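Peer 1: What follows is a predicted protein model with its sequence.
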Amino acid sequence: MDFYKFCIDKKEIKTMKAYLSGAMEFAEKEGADWRKKMTLWLKANLNHSSFDPVVNSAKLIKNERAQEYRKWKISNSNRYSNFIRKCINQDIHIVKNEIDYLICLWDKNVLKGAGTHAEVTISFDNNKPVYLVNKLSKKDLSGWIMACSTEIFKDFDSLKLFLLKKYNSNA
């Protein structure tokens, strides 16, 4: 193969990217622990990258000098809402334009919030697979969320087995 044909035929190798959706506002450590473990597993086992909104929010908090933003919810609701809108706009953009699939931890902590609901719905609306790890009883799982989910798992081990079969070309 000559060099010209090589350059024309060469395909860009794209790493798949997962969005790690789940409770933050009402979760312990904003749900950072499971996301960190999943990020490492995805990289080590599938060579997939991930978008971790906990990590990204920390960057946005620093850049916007919003370390006290949680206090603003009571003391300065306009300032709080404006900051949260930046987080929301960023997350919506990522889900719509930068990820290939969404992994969601659905537990009691998501019930008081709204972001996880929106991320699942936006992913569904953009024809991106939603892999849901459901920690609630089936009767307590929202029909909306159930219908938006591509696959539902009882735990992360089941999800990982599925992902290995679906995305690992060496399996």
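Peer 2: Nice, I can see it.
Peer 1: quick one: contacts for residue 142?
Peer 2: If you count contacts by CB atoms under 8 Å, 6 or more residues apart in numbering, residue 142 has them with residue 117. From N, CA and C alone the C-beta is placed, and that goes for glycine too.
Peer 1: so how far is residue 54 from it?
Peer 2: According to CB to CB, to the nearest Å, residue 142 and residue 54 sit 23 Å apart.
Peer 1: Quick check: beta-bridge partners of residue 101?
Peer 2: Following DSSP bridges, residue 101 is listed with bridge partners residue 18.
Peer 1: hang on, isn't it packed against residue 129?
Peer 2: Yes - counting by CB atoms under 8 Å, residue 129 is a contact partner of residue 101 at 4.3 Å.
Peer 1: what residues do these two have in common as contacts?
Peer 2: 123, 150.
Peer 1: Okay, buried residues for the strand or helix carrying residue 35 please.
Peer 2: Residue 35 belongs to helix 32-46 when assigned by DSSP states H and E. For helix 32-46, the neighbour count (16 or more other CB atoms under 10 Å) marks 32, 34, 35, 36, 38, 39, 41, 42, 46 as buried.
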